[in-house]
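Undergrad: What shape does this take:
(chains A and B)
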Number of protein chains: 2
Amino acid sequence: MTDTNRRQVFQSTAGVLLAGLGITDSIPARSAEVFSSSQKISSVEPVTKILAQFAAKANADQVPASVKKEATRTLLNWVGCAVGGSRQDATNRAVKALQEFSGPAKANLLGRSEKFDILNAALINGISSHVLDYDDTHLKKIIHPAGPVASALLALSQHRPTTGREFMNALVIGCEIECRLGNAVYPDHYAKGWHITGTTGVFGAATAAGRLLGLDETNMVHAIGIAASQPVGLKVQFGSDTKSFHPGKAAQNGLLAALLAEKGFTASTVALEGFDGWGQAVSTKQDWTEVTSDLGQRYELGLNTYKPFACGIVAHPSIDAAIELHNQHHVNPDQIEAIEVKVHPLVLNLMGKTEPRTGLESKFSIYHAIAISLITGRGGEQAFTDSAAQNAQVINLRKKIKVVVDPAIKADQADMRIVQKNGDVLHQFIEHAVGSQNHPMSDAQLEDKFNGLTEGILKPEQSHQLINLCWRVWELENPSLIATNAAV
Amino acid sequence: MTDTNRRQVFQSTAGVLLAGLGITDSIPARSAEVFSSSQKISSVEPVTKILAQFAAKANADQVPASVKKEATRTLLNWVGCAVGGSRQDATNRAVKALQEFSGPAKANLLGRSEKFDILNAALINGISSHVLDYDDTHLKKIIHPAGPVASALLALSQHRPTTGREFMNALVIGCEIECRLGNAVYPDHYAKGWHITGTTGVFGAATAAGRLLGLDETNMVHAIGIAASQPVGLKVQFGSDTKSFHPGKAAQNGLLAALLAEKGFTASTVALEGFDGWGQAVSTKQDWTEVTSDLGQRYELGLNTYKPFACGIVAHPSIDAAIELHNQHHVNPDQIEAIEVKVHPLVLNLMGKTEPRTGLESKFSIYHAIAISLITGRGGEQAFTDSAAQNAQVINLRKKIKVVVDPAIKADQADMRIVQKNGDVLHQFIEHAVGSQNHPMSDAQLEDKFNGLTEGILKPEQSHQLINLCWRVWELENPSLIATNAAV
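TA: Numbering: from 1, shown residues only, chains lettered A, B, ... in the order given. Below is the predicted model of the structure:
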C-alpha cells in the first residue's frame, strides 16, 4: 500500500461518505478535480529527497570561505540579538509560562540564568533573538534566517556534543534550505499573510538539527516531512509578542521533527512537492528550481545582511550620515544652528513622528533618530529607549532638523547638511547606507552592535569573550561554549 | 502604535528596502495591492473576539442535554481510540523520541505506563487516538474533533484540578470552535492540501485549555491568536506516522497557546479575520457566518459520528449486513454455498482486494470484511489483524463471496443474500449503515467498540470501570481519574 493508494482511498472515501449523506453539493467542481489529480505531480523534481540528500551529506569542505565567514557573522549577530532580547516582555512571559513544564535543564537561555530542556530552550532563545526586530535579513524575501536554525542548533549542541565545524556546517545547511524554500514560494506565500521566517524556518531547524543528529538520507526525508506539517507564523501578528514567537516555534518544531525522525517516525517522502503537500498548501507559486539549481554551489546565505540600527530601515541612511559627521567632526550639539537632510519620499510617511515620547515611538521618528545618533554616534537599541526619547539635549536638537523629501534620493541614500552657529557647514552624502547589500556592515560594526545589545546584560569582558568565541566558532572543539558563555 | 500602524510601517519598509536594492520587480502587482489593503477588512465581524467571549463565558447550563450526551460519547470514543492506539509504531516512536526531554511527569499516556509533562502527554495521546483512523468524525468537512481537544484537556486536568462539569463544558467549547472554523474555510482549505483536523484542532485545544485555565476574554483572544500562527497538518502525510501526529501536535500547540496567554503573552486581536490573518492565509473561502451564527444555540458537536468498523467506510454497510445475519441466524460458514452482495459502485474501486495477506491489506478487501464479520459478528480492530487475514476459515469463506456493483445502491446501503447448502436463502438489506448520521451507533455499540480497542491492553474490569467513568464524566469531581484509570 503506497501513500498514493492510501490517499486515493481516503479521498474517494470522503466523497462517497458525503454522497451517502446527501451533502455532495458542498464539494465544488474544483475540489473534485483536485481529488482525482494525484498523478499530475509525477513530473516534478523530487525536491524533498534532493534536500534530504544535501542535508545529510553536504560537507563543510565544499563551503566557500566567504560563505563560511558570512555564516560566522550570522551567528555572531544572532547571539547578540538573543542576549539583547532576553529581558523583553515576550521572553519573560514565555519563560514564566514554560518553566514549570521544562524537562532536564540542559540548555541555557541566552542572557539569562535559567536552563531549560533543549526543545523549550530553542523556543525561548528564538523568541529572544527576534523580539527587538534586529536580527539578520535575507533580503530577497525578507527571511531572518538565523533565528530558527541557530536556536535549534545551539540548544541541541548542549545535549549532543559536536565540533564547531560540524555545528557551523549544519547552520549553513539549515539556512540554505530555508532561504531556498522561501525563494520557491515567495512572493505569493508572503502576500497571502504568512510570516516566511517561521514557515520556512522550521525546515532550516529540522535539517540543521537532523544533520547534527547524523540522520541518514531516509530519516532526513522524514524530518523534512514532519517539518512540512508544522509551518509557523502570520503577518497579522506584527506588533504583538507572537511575531517573535514565530522563529522560536519554528526552531522548536524543526528540532522536534529531527528528534522524531531519528527514532524512525515517518512522513511522506514527497511532503514538499507532492499532491496535497506543503508547496501547494502555502502558495500558488512553487518554483522548485529555486531550491535545486546549483545546490551546494551557490549559497543564499552569502547574501545575508544585518540591521545596523534599531529602528525602521528607511532611517538608516540618515543615521549613517549623522554617525559619520559625529565621528569626523565631533559636532557639539549646542553649536548647531540647523540641520537639513534630503531623504527618500517614504521616510516621512513611515518615520514622520516629530515629538516621540517613548522608546517605541522614537523608533518611528526620523528627527529622534538623527538627533540621538549625531549626539552619541550610535543607533543601537540604547538610542531608542524611553530615556533617550525624553533626553533634553535630544529634544532640543531634533527641533533644529528639517527633513526634505527629494525624489532624486534613493531608499538607501541620504544627504545631510549641518549649519553651525559659527557659519561652518558640514556635509555628508551617503551613497549606500551601511547594512545594505552594497555596503555590508564591517566586522567591527557587527562587534559594536553586539556590545550595544549585550550592554547591561553581560559584563564587558564576558561580551568580549563571547565575540571571540563566535569568531573562532569553526575551530571550536565544543561550540556549546557559546551558550554557556552567553548565560548570566 | 496600533497593530495596523506597525503593519503598515513594516510592509512599506519592506517595499522601500527592496526598491533600494533594485529588486522591486519581484513584488507583483497583486502583492502591492494586498500591501495597501489593510482597511478592506474593517467591515468583517470581529470573529476572534466573538469566539474568545464564547470560550471564556459559555456556561454548561446552556448546553442542551442531547449535546452533553454527544460530548460524553465523543469522549468515550476518544479514550477507547487512545488506549487502542497506544502500542502502535507511531506512538512508540514518539514516546522514544521525547522521553528524555519530558518535564515533570504529571500526565498519563493512555494505555501505557509512562507519565510525561502535560505538553508532551497531549502530543502523544493525540497521536495514539488517531493512529488507527478510528476516531470520531464531524462529517460536514471530515474533522475529527476529539483528538486535539480531549488530548489537551485531559493532560491539563492532571495539572490543574477541575470538575467533570467544567472539563466537559470546555470540551464542548473547544469542539464547537474547531468545527465552526472548519466550516468557515472548507472546502477550499481542504482542497489546498491541509489536514483540517490539525489546522482547526489547534483552536479547539487552545480554547478548551484556555477555558480550563480560566482565561478572561482578553487573554482568550491572545490564546486564539497564538493558536492561529500554528496550524498543523497536510494531507500528503496520509499513510505515514505524521498523519496521526497532526491531532497530537494540534493539541500540544493549542495547550501551549493557552499557557502562554495565561502569562500575558500577546497576539493580534484579529488573528482569524484580520488582514494577513489565518483565514486569508489558509483558504480562499472565509465564511465567518459559519462561525458566528447561532453560536451557543446550535451545536456542531451534536452532529458528531463514530466509525463502527476498523476499515474503509465504504465497506461499513456490508459489514453491518453481515453482523445482522450473524446475530440473527448464527450462520455456520461451512454451510454456506454462496454469498451475493449488491454494493455502491465505489466499493470495488476502493476495497476490491481479493486475496489480502496482511492485516493492513485486509482493510482494503470487501471480501475479507464480509467474511470475518459474518464469522465473528465483529468488525473492530481485531477483525483486521494479520492472523485474521490469514485464517483458513476466513480465506475459505471469502472465496464464496460475489460482489455486485449496483448503481441503485447508495453509499450507506448494502443488500446481502446468503444461499445455504440446504437451499435456504438469508437476506439482509441495510438502509443506512450503522455509524452514519441517519443511524448513529448506540451506546452499547460504542461500548463494544471501546472493549474491542482496549482488549489486550487493559484488563476487562479496568475497561469496564473506565467506560463507567466516561459515562459519568459530567458528574465527576475529578475527571483526571479517566487518565489515571486508562494507564497501565
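Undergrad: quick one, helices of the stretch 101-250 of chain A?
TA: Along the stretch 101-250 of chain A, counting by DSSP state H, counting those that start in this stretch, helices occupy A:118-130, A:146-157, A:164-185, A:188-192, A:196-212, A:217-228, A:241-262.
Undergrad: Which among the ones you listed is found nearest to residue B:409?
TA: For those, the distance to residue B:409 is smallest for helix A:217-228, at 38.6 Å, taking CB to CB. All C-beta atoms are positioned from the backbone trio N, CA, C, and that covers glycine.
Undergrad: and the angle from the closest one to helix A:164-185?
TA: 50 degrees (axes from the mean of the first three to the mean of the last three CA atoms, to 10 degrees).
Undergrad: about what we covered before: flag whichever of the helices of the stretch 101-250 of chain A has the least confidence on average.
TA: In terms of mean pLDDT, the lowest-scoring of these is helix A:188-192 (a mean of 94).
Undergrad: Is that helix in proximity to chain B?
TA: Yes: using CB under 8 Å from any CB of the partner chain, helix A:188-192 comes into contact with chain B via A:188, A:190, A:191, A:192.
Undergrad: Show me which of those residues is closest to chain B.
TA: Ranked by distance to chain B (CB to the nearest CB), the residues of helix A:188-192 next to chain B are led by residue A:191 at 3.8 Å.
Undergrad: burial count for that closest one?
TA: The local packing of residue A:191 (other CB atoms under 10 Å in any protein chain shown) involves 23 other residues.
Undergrad: Direction included, what does the strand or helix carrying residue A:419 pair up with?
TA: According to DSSP states H and E, residue A:419 maps onto strand A:414-420. When pairing is defined by DSSP bridges, strand A:414-420 lines up against strand A:336-343 (antiparallel), strand A:425-430 (antiparallel).
Undergrad: State the number of residues packed around residue A:328.
TA: Using other CB under 10 Å, residue A:328 has 10 other residues around it.
Undergrad: Let me have the residues of helix A:188-192 next to chain B in JSON lines, extended by distance to residue B:262.
TA: As requested, these are exported to JSON lines (distance: CB to CB, whole Å):
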{"residue": "A:188", "distance to residue B:262": "36"}
{"residue": "A:190", "distance to residue B:262": "31"}
{"residue": "A:191", "distance to residue B:262": "34"}
{"residue": "A:192", "distance to residue B:262": "30"}
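Undergrad: ends of stretch A:223-239, how far apart?
TA: Terminal residues of stretch A:223-239 lie 32 Å apart, using CA to CA, to the nearest Å.
Undergrad: To clarify, my last question referred to stretch A:259-279.
TA: Using CA to CA, the two ends of stretch A:259-279 sit 23 Å apart.
Undergrad: Distance of the nearest residue to residue A:113 once chain neighbours are set aside relative to chain B?
TA: Leaving aside its sequence neighbours, residue A:113 sits nearest to residue A:488 (CB to CB, 6 or more residues apart in numbering or on different chains; 5.5 Å). Remark: distance between residue A:488 and chain B (CB to the nearest CB, to the nearest Å) = 22 Å.
Undergrad: tell me the pLDDT at residue A:488?
TA: pLDDT for residue A:488: 97.
Undergrad: give me the beta-bridge partners of residue A:143?
TA: Beta-bridge pairing for residue A:143 (DSSP bridges): residue A:138.
Undergrad: one step back: does the residue nearest to residue A:113 sit in a helix, a strand or a coil?
TA: coil (DSSP: H, G, I helix; E, B strand; the rest coil).
Undergrad: okay, now the domains of chain A?
TA: Chain A breaks down by automatic domain parsing into domains covering A:3-36, A:47-308+A:475-485, A:313-430.
Undergrad: Could you export these as TSV, including distance to residue B:66?
TA: Below are these laid out as TSV (distance: least, CB to CB, whole Å):
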stretch	distance to residue B:66
domain A:3-36	19
domain A:47-308+A:475-485	35
domain A:313-430	51
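Undergrad: Nice, that's everything, thank you.
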